[in-house]
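*Asks:* Mind looking at a prediction? Sequence and model below.
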Amino acid sequence: MTDTAATRKMLHRRAATRLLVGLGAGAAASSLARAQGKSVAVGMTAMAFDPPAVTVAAGDTIQWTNGSFIAHTVTFDPAQAGKPADVALPGGAAPFGSGDLGEGDSFSHTFTVKGTYKYVCKYHEEMGMVGTVTVT
Ligand SMILES: [Cu+2]
């Protein structure tokens, strides 16, 4: 084997090692994405959450987006509901909410505590704008 051929072979092996390291980093990135959970979209129409009931896994994020021109809220706080029983949180989950969402506005929340959640739009709760999130 000439020196040139030996050098070429070594360089080839080094490139293959680099490729494998690159693949390893990709696998690590995708397991990180899994650990961070997926994102689930819920819309807000003129008078409803769409869909009104969603099931997600712990660690997943729900992003609500107001696709109507009417201001809405995403309210998981019984103290802000017209009827406190319209809002429910599993034990260990703290109340939270979006505040006012105008046309095109979004609000996201990552669910870490498993259980059943009930929430309302505080402006349209009485008109049936209520939703359920089940975290498994
Ligand atoms: Cu509303």
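*Replies:* Received, thanks.
*Asks:* So W64 sits against F49, correct?
*Replies:* Yes: if you go by Cβ atoms under 8 Å, W64 and F49 touch, sitting 7.3 Å apart. The C-beta positions use only the backbone N, C-alpha and C, and glycine is treated the same way.
*Asks:* Name the residues contacting each of these two.
*Replies:* Residues touching both W64 and F49 by Cβ atoms under 8 Å, 6 or more residues apart in numbering: V42, G43.
*Asks:* got any ranges where the chain has weak pLDDT?
*Replies:* Residues of the chain meeting the criterion pLDDT under 70: 1-35.
*Asks:* Quick check: residues of it near the ion?
*Replies:* H72, C121, Y123, H124, M129 (Cβ under 5 Å from the ion).
*Asks:* Filter these down to the buried ones, PyMOL style.
*Replies:* Buried residues among the residues of the chain next to the ion (16 or more other Cβ atoms under 10 Å), as a PyMOL selection:
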select buried, resi 72+121+123+124+129
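*Asks:* Among the residues of the chain next to the ion, which one sits closest to G43?
*Replies:* Distance to G43, by Cβ to Cβ, is smallest for H72 among these, at 10.4 Å.
*Asks:* list the contacts for that closest one?
*Replies:* M44, N66, D100, L101, C121, Y123, H124, M129.
*Asks:* before we move on, what about Y119?
*Replies:* V74, T75, F76, V87, V130, G131, T132, V133.
*Asks:* Are any of those buried, and if so which?
*Replies:* Using 16+ other Cβ under 10 Å, the buried ones in those are V74, T75, F76, V87, V130, G131, V133.
*Asks:* tell me which element the nearest residue to the last one once chain neighbours are set aside falls in.
*Replies:* Taking Cβ to Cβ, 6 or more residues apart in numbering, and ignoring the residues beside it in sequence, V133 has Y117 as its nearest neighbour in space, at 4.2 Å. Assessed by DSSP states H and E, Y117 sits inside strand 115-120.
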